[in-house]
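Novice: After the sequence you'll find the predicted model.
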Amino acid sequence: MNNTFLTYYQLLDVEPNATTEEIILAYKIKAKLYHPDKNSGHHTANKLFQLINQAKTVLTNPKTRLEYDYSIGIKKKPQAPPKEKVIYIKDDEGFTTKELLTIGALGFATGFLISKAFTNAKRKG
């Protein structure tokens, strides 16, 4: 891995393809080394212990590990499937959905124009 940040894998000193058992074993070794009871008052050891706990939590859960691998670039996120295409289905009369929508829109527009004409005629008359 060629990066400028410390990954959870590097923190636990395991490879990205490590099994869950290997991760837990590495966690136990690191946790003993940096446990707050063994390093009382040492701020860096306490912070490392917290990070080691986070690493174990993320890497031992398959879903969070996969998302973590995507986020640090170990794995590429699969492309989203292409959007579904609109399918127009003919009804019993032989009209497609698109044609029916067009007829409906024309009917709406015609009704709107006629109502405007009647409204204007009432005002004038």
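Specialist: Sure thing, it's come through. Note that the structure is a prediction, hence the values are computed from the model and not measured. Numbers count the residues shown, from 1 in each chain.

Novice: quick one: low-confidence ranges for this protein?
Specialist: Under the criterion of pLDDT under 70, the regions of the chain flagged as low confidence span 1-3, 86-93, 125.

Novice: domains of it?
Specialist: With automatic domain parsing as the criterion, the domains of the chain are listed as 8-72, 84-125.

Novice: With mean neighbour count and distance to Pro78 as extra columns, can I get the ones you listed in JSON lines?
Specialist: Bear in mind the C-beta positions are built from the backbone N, C-alpha and C, glycine included. Below are the domains of the chain laid out as JSON lines (neighbours: other Cβ atoms under 10 Å; distance: least, Cβ to Cβ, whole Å):
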{"stretch": "domain 8-72", "mean neighbour count": "15", "distance to Pro78": "9"}
{"stretch": "domain 84-125", "mean neighbour count": "10", "distance to Pro78": "18"}
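
Novice: Look up how far Gly73 lies from Ala80.
Specialist: Look at Ala80 and Gly73: by Cβ to Cβ, to the nearest Å, they are 18 Å apart.

Novice: now the helix or strand harbouring Arg123, how far from the centre of its chain.
Specialist: Element membership for Arg123, per DSSP states H and E: helix 97-124. With Cα atoms, centre = their mean, to the nearest Å as the basis, helix 97-124 stands 45 Å off its chain's centre.

Novice: Tell me which other helices or strands it touches.
Specialist: Taking 3 or more Cβ pairs under 8 Å, 6 or more residues apart in numbering; DSSP states H and E as the contact definition, helix 97-124 has no neighbouring helices or strands.

Novice: picking that back up, higher neighbour count, Ala80 and Gly73?
Specialist: Gly73 (12 against 6; other Cβ atoms under 10 Å).

Novice: Would you map the helices across this structure?
Specialist: 8-12, 20-34, 43-59, 62-72, 97-124 (DSSP state H).

Novice: between those, which one is nearest to Glu84?
Specialist: In terms of Cβ to Cβ, the element of the helices of the chain nearest to Glu84 is helix 97-124, at 14.5 Å.

Novice: can you redo the helices of the chain as TSV with distance to Lys85?
Specialist: Shown next, in TSV, are the helices of the chain (distance: least, Cβ to Cβ, whole Å):
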stretch	distance to Lys85
helix 8-12	41
helix 20-34	42
helix 43-59	39
helix 62-72	28
helix 97-124	13
